[in-house]
Structure formats: structure tokens, C-alpha cells
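Q: what shape does this take:
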Amino acid sequence: MERETIVRVEGLVKDFRPGFGLKKKRVLHGISFEVKRGEVFGFIGPNGAGKTTTLKVLMGLIRASAGRVELLGRDVGDSESRRQIGFAPESPYFYDFLSGREILTFYARLCDFPPERIAKRVEEVLAQVGLSHAAEARLRTYSKGMLQRIGVAQALVHDPGVLFLDEPMSGLDPVGRKEIRDLIMRLNAEGKTVFMNTHILSDVEMICDRVAIIVNGRIAYQGELEAFHGDRKLYDVTLSSLPADFAEEVESRLGAPLAGRGDRVVLRVPEKEMHELVQSALARGARLEEVVRHREHLEDLFLRMVEAEQPGGQA
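A: Here you go, the predicted model:
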């Protein structure tokens, strides 16, 4: 059954005028993508690709120059749609003399949450993000990871169904990144739809269901991560006792990357070349140690797409 579309972006264009009397600069070139209910969606791209501009349009902070943007079936300009979303910016500013409980109470009131339910809701959200133990501590004493979690908490306090997170792992150490990843996965398991704008590809690969890659203001790819791989099959063939001249010959003839340590050599080759390579190597006295299907990481694929969009790259 087709899941409901939560975010729909069609032909989004955004132009900026750098200064008075200067020509407009186009930042977004008619981009289109969709986010479905109940998924963790990764919106990724290099710095300056248009990620934050797109997010600002989605949040109603800036207006599109052209195109159509809908949240929950309503035009992004409809304030009613924003009542059902939560937003955690990359670098939120908090009154650091307030405690965690006080800042969430403030945001709950700002969201017009029913006054009689605020106290209970604040405690629920503090528990959700793992900050119940620090509820009375001033925000100036919070670590970077704790501030990121309180940023997510303020986005959750009015109990929205959709979360927009702008670089939620930015500046965090490995422990802090794991805490935020675990939090996003828990929220998704509770039924929240999560739109995550980031450039940390390993985190995207671990928790996102689908992604859209934006390069130079254009969508280079949208879909499930597995669909990146297509029919391209590569294998890592590990050999030992391989004559040096044969290794160089194979690397030159097949264009296969060669790596290794000591007596062991690893050659990455397409499936159609693998059997011939193994037979030739064995005939030259080499020993076959291992054959493993190579799975490309999102980083490899991402870099290839970015390079293809650069001047002189392949489209």
C-alpha cells in the first residue's frame, strides 16, 4: 500500500540578489522530491549545494521564487501545516540561564500547548531525549550533545508528527552522534516522520530509509539507498604468492585498484573479469585466499555524483 506523502516539493526555484543593483543568482534549479509518512529521509549534499535554503523554504522562513511546496497536503504558506511539524536548527540559540525544564515550558507556551498539560508533556519530552537527570541544570552547563538533544526536545514539545532536523550531528563527538542517532531511531519507531538535513554520510547510511542528493542546486538522486548499486557488481579477490609482474599486468590491463599487505594482494574487479583473473593467477602459481562481493559505501557513490556535476565531469 502506497504511504502518504508528507512533504512534496515540485519544481522549486530560489533566486537571491547578492546586492543592490546586482544580477540575481539562482540557488535552487527546479528541484523536486517527496518524503513519505513514517520514514527517516536524508537530504544530503556538499556545502553550498542548497540544503539549508531548501529547508528554509520548507519552514516558511523564506519564499520560493517558483515551484510548489506542500507539507501534510497543505501549501507551505498555510500556517496550519506548521502546527504539525517540529524544527531543530543546526545552531539553536537558547537562554542559557534557564534550566532544561524551564526552556521546554517556555517553548510549550509559545506553541500554544494546553496550559494544563504542559508540565506533564515537558517531563515526557525530557525522558524521551534522555535529559530527565539534567532537568534542573542550567543550559550553560550542558555539553554540546545535551544541547543538541534539548534542541530536538523543543521541536518535540508540542507533539508534532513530522520532525525537520538541520545538521543534528554537527560538531558532536562519536558518543554524542550515537546518542542523537539512537534518539532519531526511537522517535521514528514511535511513528514520527524525520527529515534530516546533513553531510555526515555514515549516519545517513545507518538510519535513513531514503535519501535525496542535492548538488549545485539540483537533485542528483532520490530513492532508497540500495537502489544506488544497480547491476554493477564488483568483487575483491585476495591472492597470495602472486608474481609482481603479473600483479602489475592485471592492474594495467583491467584498471583494477590493487592493495595489500605483505604477501597478500587484493584486486577489485568486475564480475565478468573475476573468473579469468583467478584462473590466470592460479596458473602463475598464486594462491586464492578469498573472494568477497564489494559493497560500495554511500560516500563513494556520493563523491562520484558530485564529481559528475563539476565542470568537465560526466553527466
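Q: tell me which element residue 6 is part of?
A: Counting by DSSP states H and E, the element that carries residue 6 is strand 5-16.
Q: tell me how many other residues crowd the residue nearest to residue 62 when sequence neighbours are not counted.
A: Nearest residue to residue 62, sequence neighbours excluded (Cβ to Cβ, 6 or more residues apart in numbering): residue 56, at 4.7 Å. The way it works is simple: take the backbone N, C-alpha and C, and place the C-beta from them, glycine included. If you count neighbours by other Cβ atoms under 10 Å, residue 56 ends up with 16.
Q: same check on residue 213?
A: Counted with other Cβ under 10 Å, residue 213 comes out at 26.
Q: wait, isn't it in contact with residue 221?
A: Yes - contact status for residue 213 versus residue 221: in contact at 4.6 Å, counting by Cβ atoms under 8 Å.
Q: report the central residue of this structure.
A: residue 42 (3.5 Å; Cα atoms, centre = their mean).
Q: per-residue pLDDT of the nearest residue to residue 209 once chain neighbours are set aside, please?
A: Of all residues not flanking residue 209 in the chain, residue 39 sits nearest, at 4.2 Å (Cβ to Cβ, 6+ apart). Note on residue 39: pLDDT of 93.
Q: tell me the contacts of residue 39?
A: By Cβ atoms under 8 Å, 6 or more residues apart in numbering, residue 39 lies in contact with 3, 188, 193-194, 209-210.
Q: run a quick neighbour tally on the spatially closest residue to residue 13 that is not a sequence neighbour.
A: Taking Cβ to Cβ, 6+ apart, and ignoring the residues beside it in sequence, residue 13 has residue 66 as its nearest neighbour in space, at 3.9 Å. As a burial measure, residue 66 scores 11 neighbours (other Cβ under 10 Å).
Q: doesn't residue 7 make contact with residue 35?
A: Yes - Residue 35 is within contact range of residue 7, at 3.8 Å (criterion: Cβ under 8 Å).
Q: overlap in contacts of those two?
A: 41, 195.
Q: run the chain-centre distance for stretch 210-224.
A: 10 Å (Cα atoms, centre = their mean, to the nearest Å).
Q: quick one: residues in contact with that stretch.
A: So stretch 210-224 is in contact with 26-34, 36, 39, 41-46, 49-51, 54, 204, 209, 225, 228, 298, 302, 305-306, 308-309, going by Cβ under 8 Å, 6+ apart.
Q: you'd agree the residue nearest to residue 62 is in a helix?
A: Yes - remark: residue 56 belongs to a helix, assigned using DSSP: H, G, I helix; E, B strand; the rest coil.
Q: and it, how far from residue 63?
A: 10 Å (Cβ to Cβ, to the nearest Å).
Q: picking up where we left off before, now do the contacts for the residue nearest to the centre of the chain.
A: 196, 198, 204, 208, 210-212.
Q: now residue 60
A: 76-77, 79, 82.
Q: kindly report the same for residue 198.
A: 42-44, 165, 167-170, 204.
Q: if we go to 6 Å?
A: residue 167 (Cβ atoms under 6 Å, 6 or more residues apart in numbering).
Q: can you give me the pLDDT of it?
A: Value for residue 198, per-residue pLDDT: 84.
Q: now swap in residue 254 and tell me
A: Confidence score, pLDDT, at residue 254: 64.
Q: neighbour-wise, which of residue 35 and residue 7 wins?
A: residue 35 (25 against 22).
Q: host element of that one?
A: Assigned by DSSP H and E, residue 35 falls in strand 25-36.
Q: what's the first helix or strand after that strand?
A: strand 40-44.
Q: tell me the SS of residue 274?
A: helix.
Q: from residue 244, how far out is residue 263?
A: For residue 263, the distance to residue 244 - Cβ to Cβ - is 11 Å.
Q: what do you get for residue 45?
A: 43 Å.
Q: what about those two, which has more around it?
A: Legend: neighbour count by other Cβ under 10 Å for residue 45 and residue 244, higher for residue 45 (25 against 8).
Q: I figured that one hits residue 54, correct?
A: No - contact criterion Cβ atoms under 6 Å: residue 45 and residue 54 do not qualify, at 9.2 Å.
Q: in the chain, what secondary structure element scores lowest on mean pLDDT?
A: Every helix and strand of the chain was ranked by mean pLDDT, DSSP states H and E. The lowest is strand 258-261, at a mean of 64.
Q: not counting sequence-adjacent ones, nearest residue to residue 91?
A: Using Cβ to Cβ, 6+ apart, the closest residue to residue 91 is residue 170 (7.8 Å).
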